[in-house]
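Visitor: sequence? don't have it. structure:
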């Protein structure tokens, strides 16, 4: 299993007095505002951190699906990353849509220099089933990106894409987690939201297991749940929480966001990233 990189420079230094923890998202945009960079930054703000971004791709996207996607040049990805990290520093990083093998390798290389927790959301397809990762990039996620992860957060389709393991019931979650852990992350959160019954996820580092359960809300407006969850975990890690604490807090925040999801356009609406800032009571509020 991969060893996390040592702290380097300002990356892992405490924020100055009056400055919130700093969280960097490396992901694609969602022009509809429900997922991707937009969801990440909304989540980070709601949870009391300062969000920063490295854009990897631009999508034309709405409530009905992804109509187009355009990668940024690798040089632009690297320049954005260096610009933020070298001057400002980071306390946690979240990765989302990386789209190509070259971007995956570049981001993995950049992360190796960062002494801060890294949450890898190995985005493969959108909520609507549109591909967001080239088939040629999957091996790079396995070989280069996942070993850089403090926590990896695959959904069931991504587990199958990365490992070949199919999850059909809660009993399959440990086998799926073992398969993903063999690729190098320190912790893995297998998201079981597409299983019938309760929304149950499994968090493990191979020796400790945490089953996280939540009521399933009768709300189809769930666009952006994966991005939101990974960003919430990163925000909590930036605030000094342990991985189990960060994931439990993030799960509670996302459950509230799903319950408050709202219709938008003609298709699947987004979760409500700001629900906890309007008087909601949860570990997901901006305190602490």
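Guide: Ah, there it is. A quick note: this is a predicted structure, and the numbers were derived from the prediction, not measured.
Visitor: From residue 271, how far off is residue 140?
Guide: Using C-beta to C-beta, to the nearest Å, one gets 29 Å for the distance from residue 140 to residue 271. For the C-beta atoms, the positions are set from N, CA and C on the backbone; glycine is no exception.
Visitor: which of these two has more neighbours?
Guide: residue 271 (30 against 22; other C-beta atoms under 10 Å).
Visitor: Verify the contact between that one and residue 260 for me.
Guide: Yes - the pair formed by residue 271 and residue 260 meets the contact definition of C-beta atoms under 8 Å, at 7.2 Å.
Visitor: Look at residue 218 and report its pLDDT.
Guide: pLDDT for residue 218: 84.
Visitor: actually residue 237, sorry about that
Guide: Predicted confidence (pLDDT) for residue 237: 98.
Visitor: Spatially nearest residue to it, not counting backbone neighbours?
Guide: Nearest residue to residue 237, sequence neighbours excluded (C-beta to C-beta, 6 or more residues apart in numbering): residue 117, at 4.2 Å.
Visitor: Poorly predicted segments of the stretch 151-288 of the chain, please.
Guide: For the stretch 151-288 of the chain, applying pLDDT under 70 flags the ranges 280-288.
Visitor: Show me where it has its strands.
Guide: All strands of the stretch 151-288 of the chain, identified by DSSP state E, counting those that start in this stretch, fall at 151-152, 187-191, 199-204, 209-214.
Visitor: closest one to residue 35 among those strands?
Guide: With C-beta to C-beta, the closest approach to residue 35 among these belongs to strand 187-191: 14.6 Å.
Visitor: List the contacts of the residue nearest to residue 25 when sequence neighbours are not counted.
Guide: Distances taken as C-beta to C-beta, 6+ apart place residue 40 nearest to residue 25, at 3.9 Å, with adjacent residues excluded. Contacts for residue 40 (C-beta atoms under 8 Å, 6 or more residues apart in numbering) come out as 25, 27, 51, 53, 94, 96, 227, 228, 230, 231.
Visitor: How about the secondary structure of the third one?
Guide: Translated: residue 51. Recorded secondary structure, residue 51: strand (DSSP: H, G, I helix; E, B strand; the rest coil).
Visitor: neighbours of it, just the number please.
Guide: Per other C-beta under 10 Å, the neighbour tally for residue 51 reads 23.
Visitor: who's in contact with it?
Guide: Counting by C-beta under 8 Å, 6+ apart, the residues that residue 51 touches are 23, 24, 25, 40, 41, 43, 44, 45, 231.
Visitor: if I look at it, how far off is residue 213?
Guide: Counting by C-beta to C-beta, the separation of residue 51 from residue 213 is 29 Å.
Visitor: sorry, back to before: I'd like the strands of the stretch 151-288 of the chain laid out as CSV, including distance to residue 33 and mean neighbour count.
Guide: Output for those, formatted as CSV (distance: least, C-beta to C-beta, whole Å; neighbours: other C-beta atoms under 10 Å):
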stretch, distance to residue 33, mean neighbour count
strand 151-152, 25, 28
strand 187-191, 22, 27
strand 199-204, 24, 21
strand 209-214, 24, 16
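Visitor: Quick check: which of these is nearest to residue 165?
Guide: So among the strands of the stretch 151-288 of the chain, strand 187-191 is nearest, using C-beta to C-beta, at 9.7 Å.
Visitor: tell me which element residue 24 falls in.
Guide: strand 22-27 (DSSP states H and E).
Visitor: how much does the first helix or strand past that strand going along the chain deviate in direction from strand 22-27?
Guide: Proceeding N to C from strand 22-27, the next assigned helix or strand is helix 36-46, under DSSP H and E. Per axes from the mean of the first three to the mean of the last three C-alpha atoms, to 10 degrees, the angle that helix 36-46 makes with strand 22-27 is 160 degrees.
Visitor: any idea of the mean pLDDT in helix 36-46?
Guide: 98.
Visitor: Off-centre distance for that helix?
Guide: Here helix 36-46 shows a centroid-to-chain-centroid distance of 11 Å under the convention C-alpha atoms, centre = their mean, to the nearest Å.
Visitor: buried ones in that helix?
Guide: Neighbour counts over helix 36-46 (16 or more other C-beta atoms under 10 Å) mark 36, 37, 38, 39, 40, 41, 42, 43, 44, 45, 46 as buried.
Visitor: Quick one: the contacts of residue 51 as CSV, columns for distance to residue 74 too.
Guide: Formatted as CSV, these follow (distance: C-beta to C-beta, whole Å):
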residue, distance to residue 74
23, 23
24, 17
25, 18
40, 21
41, 23
43, 26
44, 25
45, 28
231, 23
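Visitor: Could you give me the buried positions within the helix ranked longest in the chain?
Guide: The longest helix of the chain (DSSP state H) is helix 243-259. Residues 243, 246-259 are the ones in helix 243-259 that count as buried (16+ other C-beta under 10 Å).
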